[in-house]
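Colleague: this is a predicted model, with the sequence first.
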Amino acid sequence: MECFKFSDQNIRRSHLPPPLGDNFNICFHKLRKQSDLQLIRCVQDNVTSLHSYCMKPPLSGITLFFRQKDMEREYRACAHRITEKQGDSPPTLATSRFNTYFDIVISALVYTAIAVCLFLLYTVSLGWILFFSVATVIHIFAVLLCVQQFLKPALVNSNVCPGLDFSRWLLDKFADWYPWHVCGAVLVSLPIASVLVNFTCVNFSSTNGGDLYYSYMFFVGLVHFCNFTQLNCWMKSVLATLAGIIYISLVASHACSFFAFDYFNRRSEKNFTPDATVGIVGLLPLDNNSAVADYSERQHEHRNFNLYYGEIFLDVLLLLLLVWFLNREFEISYRLSFHGNMVAVRDKARVQSMKNQADWLLNNIIPKHVADQLKNTAKYSENHRDVGIIFASIVNFNEMYDESYLGGKEYLRVLNELIADFDDLLTKIEFQNVEKIKTIGSTFMAASGLNPDVRRQNKHPHQHLFELMDFAMSLQKVIDDFNRDLIEFNLVLRVGYNFGDVTAGVIGTSKLYYDIWGDAVNIASRMDSTGVHGRIQVGGACVPVLSERYEFEPRGSVYVKGKDNMNVFLVKGKRGDVNIDDG
């Protein structure tokens, strides 16, 4: 029997509505479930779609330009700039800012290493000295610009560099698309140009193994064309190919015999004896042995010499293929990274815009401080003391409203414009304590003192009550100004004012509804319904507090529903000798 009673009690409890404190949690779980279902549908649509952006990069197959012209313009405008304009994302080593720093520093290091080797290995010529001076000045200028831009905040704060503005302007000019490619082409070509400038016969005829060292430095300069990932791959690859053609042409033209000299030196050092001529020499007469040996040796040297040239040509060809491949892959990766960042930034901005719009809509339904409480603690109600409440009714709007003309739409437009003017008053700083609660037909309801944070900042304990009275007077002024634009009709406003303890809260799990309840709210509504057209009516309990700044005239005893007869007063205006800003 006890078990049956317990079960019956549970059954009865199961039919009760959930506690009000759980409403927000239920709403949150519903929204999360709907969001998960929508995400699943989006993933399914992307899987079944034939135009997935993950499968087909948004780049042209030949030029590697973006198919979208807007994206290409954005890429050319800021992808290679040291001064990034994307302030939302923090700079990393993969961003264009530090990527450009690394490219310029690496270019300077490669050029320095090749220049030092050229000075140590070969005879210094006048042409090389002139070229070295110009190239060194270019690299020093580029590195100093990067260092100055990198240390710009410290220089600005300490006023160390008076020419910072000029260098910033100069760097900005160089950062345009075509000037940047011209400067990049010069920097990326200086190492290999330094090698080609030292292609002289004197250097290699006097240096043992000079051709090998020269080839090594040339290969390093050729690989250096893979630097500067922001530059167009076609430009870098064409420059590398042109350098390779010049080098092969110089070697194949036999302009200098340094390769042959170097080959002979290596052969003599190794005591090389051709095996192919041993048998022939033994069969010939003694006086012809030396001639045959010389002939066989020259044939063998000729074959190895041709093989040596073929190896150089093959190395250059393979390096050029590697440079073409790497430049293409680097640019594709850099462009796709830029595209991903831009899409992420745009999506973030779009999501932020949608969030701001959702917050704006939510804050127009629920006050911001209440919405923050719902997000953090799911608290649905709160008690407030000494809250001011007004009901402002347009008493003759029904007389103007007529459904025979456009179904009453034009009159509702007039009411909407008037309520919008009321709402505009709430944006003023002098009414920061006042909050709109709702509109009931042609009645506007507002309250003050509901936001504890704003209320704590008030200099006067009753400042929110004074602001609400000033707001009610401003409503009357709005009505007067609005009537000037109406033809043959004047709207009349009636306001009821009261303050006291209220309970504010949110009701419902969908289409949330924020309102205030309490005896003070009911009295404020009765002050409006029993009030005088064009006047502000308050209860007798409000006069001792409000009389500090306002003057009243007694109206007498008025019957109020639920309160019997009450002494009420009408506001005459502000006291002339009172400064509203005084604490």
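Modeller: Alright, I've got the coordinates.
Colleague: show me where the stretch 201-350 of the chain has helices.
Modeller: Along the stretch 201-350 of the chain, counting by DSSP state H, counting those that start in this stretch, helices occupy 201-205, 210-223, 233-252, 258-269, 278-283, 289-365.
Colleague: mind telling me which of those helices the model trusts least?
Modeller: Note on the helices of the stretch 201-350 of the chain: lowest mean pLDDT is at helix 278-283, with a mean of 36.
Colleague: in what helix or strand does residue 559 lie?
Modeller: Here residue 559, judged by DSSP states H and E, is contained in strand 550-560.
Colleague: so which other helices or strands are in contact with that strand?
Modeller: strand 564-574 (3 or more C-beta pairs under 8 Å, 6 or more residues apart in numbering; DSSP states H and E). The C-beta positions use only the backbone N, C-alpha and C, and glycine is treated the same way.
Colleague: who does the strand it packs on pair up with?
Modeller: With DSSP bridges as the test, strand 564-574 is paired with strand 536-539 (antiparallel), strand 550-560 (antiparallel).
Colleague: any chance of JSON lines for the ones you listed, columns mean neighbour count?
Modeller: As requested, the strands paired with strand 564-574 are exported to JSON lines (neighbours: other C-beta atoms under 10 Å):
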{"stretch": "strand 536-539", "mean neighbour count": "26"}
{"stretch": "strand 550-560", "mean neighbour count": "14"}
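Colleague: got those strands as JSON lines, with distance to residue 109 and mean pLDDT columns?
Modeller: As requested, the strands paired with strand 564-574 are exported to JSON lines (distance: least, C-beta to C-beta, whole Å; pLDDT from 0 to 100):
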{"stretch": "strand 536-539", "distance to residue 109": "81", "mean pLDDT": "94"}
{"stretch": "strand 550-560", "distance to residue 109": "80", "mean pLDDT": "92"}
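Colleague: want to throw those into JSON lines with distance to residue 364?
Modeller: Formatted as JSON lines, the strands paired with strand 564-574 follow (distance: least, C-beta to C-beta, whole Å):
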{"stretch": "strand 536-539", "distance to residue 364": "26"}
{"stretch": "strand 550-560", "distance to residue 364": "31"}
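Colleague: run through who's touching stretch 416-423.
Modeller: With contact meaning C-beta atoms under 8 Å, 6 or more residues apart in numbering, stretch 416-423 is reached by 392, 394, 436, 439, 444, 475, 478, 479, 482, 491.
Colleague: with stretch 561-569 instead?
Modeller: By C-beta under 8 Å, 6+ apart, stretch 561-569 touches 522-523, 526-527, 530, 537-540, 542-543, 552-560.
Colleague: can you show me the strands along this structure?
Modeller: 381-394, 434-440, 443-448, 493-507, 513-517, 536-539, 550-560, 564-574 (DSSP state E).
Colleague: single out the most deeply packed of these.
Modeller: Mean neighbour count (mean count of other C-beta atoms under 10 Å) peaks for strand 536-539 among the strands of the chain, with a mean of 26.
Colleague: what sits against the residue lying closest to residue 363 once chain neighbours are set aside?
Modeller: Excluding the flanking residues, the one nearest residue 363 by C-beta to C-beta, 6 or more residues apart in numbering is residue 371, at 6.1 Å. Residues counted as contacts of residue 371 (C-beta under 8 Å, 6+ apart) are 359, 362, 363.
Colleague: equivalent analysis for residue 117, please.
Modeller: By C-beta under 8 Å, 6+ apart, the residues touching residue 117 are 213, 217.
Colleague: that one and residue 326, how far apart?
Modeller: 24 Å (C-beta to C-beta, to the nearest Å).
Colleague: count of neighbours near residue 101?
Modeller: Applying other C-beta atoms under 10 Å, we find 17 residues neighbouring residue 101.
Colleague: now it. Nearest residue, chain neighbours left out?
Modeller: Residue 101's closest residue in space is residue 146 (C-beta to C-beta, 6+ apart), at 5.3 Å.
Colleague: burial check on the one you found, number of neighbours?
Modeller: Residues near residue 146, counting by other C-beta under 10 Å: 19.
Colleague: surely it is in contact with residue 106?
Modeller: No: at 11.6 Å, residue 146 does not count as touching residue 106 under the criterion of C-beta atoms under 8 Å.
Colleague: farthest pair within the contacts of stretch 416-423?
Modeller: 436 and 491 (18.8 Å; C-beta to C-beta).
Colleague: got TSV for the strands of the chain, with distance to residue 77 too?
Modeller: Conversion of these to TSV gives the following (distance: least, C-beta to C-beta, whole Å):
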stretch	distance to residue 77
strand 381-394	51
strand 434-440	45
strand 443-448	49
strand 493-507	47
strand 513-517	47
strand 536-539	59
strand 550-560	61
strand 564-574	58
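Colleague: ranking the contacts of residue 371 by neighbours, who comes first?
Modeller: residue 362 (16 neighbours).
Colleague: now, which of the contacts of stretch 416-423 sits nearest residue 151?
Modeller: Nearest to residue 151 among the contacts of stretch 416-423, with distances taken as C-beta to C-beta, is residue 436, at 52.6 Å.
Colleague: and that closest one, how far from residue 192?
Modeller: Counting by C-beta to C-beta - residue 436 and residue 192 are separated by 73 Å.
Colleague: with residue 61 instead?
Modeller: Applying C-beta to C-beta to residue 61 and residue 192 gives a distance of 29 Å.
Colleague: burial of residue 471, as a residue count?
Modeller: Residue 471, neighbours per other C-beta under 10 Å, totals 23.
Colleague: meant to ask about residue 63, not that
Modeller: 11.
Colleague: that one touches residue 328, doesn't it?
Modeller: No: assessed by C-beta under 8 Å, residue 63 is found out of contact with residue 328, at 11.0 Å.
Colleague: spit out the contact partners of residue 454.
Modeller: 432, 433.
Colleague: in this protein, what helix or strand scores lowest on average pLDDT?
Modeller: helix 278-283 (a mean of 36; mean pLDDT, DSSP states H and E).
Colleague: for the contacts of residue 371, which one is nearest residue 173?
Modeller: residue 359 (42.2 Å).
Colleague: and the spatially closest residue to that closest one that is not a sequence neighbour, how far from residue 426?
Modeller: In this structure, residue 359 finds its nearest non-sequential neighbour in residue 371, 7.7 Å apart by C-beta to C-beta, 6+ apart. Counting by C-beta to C-beta, the separation of residue 371 from residue 426 is 16 Å.
Colleague: what residues are up against the nearest residue to residue 523 once chain neighbours are set aside?
Modeller: The shortest distance from residue 523 to any non-neighbouring residue, by C-beta to C-beta, 6+ apart, is to residue 498 (4.5 Å). Contacts for residue 498 (C-beta under 8 Å, 6+ apart) come out as 388, 389, 520, 521, 523, 524, 527, 538, 539, 541, 542.
Colleague: in a markdown table: the residues you listed, plus distance to residue 454.
Modeller: A markdown table is the format used below for the contacts of residue 498 (distance: C-beta to C-beta, whole Å):
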| residue | distance to residue 454 |
| --- | --- |
| 388 | 13 |
| 389 | 17 |
| 520 | 19 |
| 521 | 20 |
| 523 | 24 |
| 524 | 20 |
| 527 | 25 |
| 538 | 23 |
| 539 | 25 |
| 541 | 24 |
| 542 | 21 |
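Colleague: from those residues, pick the one nearest residue 451.
Modeller: residue 388 (12.4 Å).
Colleague: so the closest one makes contact with residue 501?
Modeller: No: applying C-beta under 8 Å as the test, residue 388 and residue 501 come out as separate, 11.6 Å apart.
Colleague: what's the neighbour count on residue 459?
Modeller: The burial count for residue 459: 8, using other C-beta under 10 Å.
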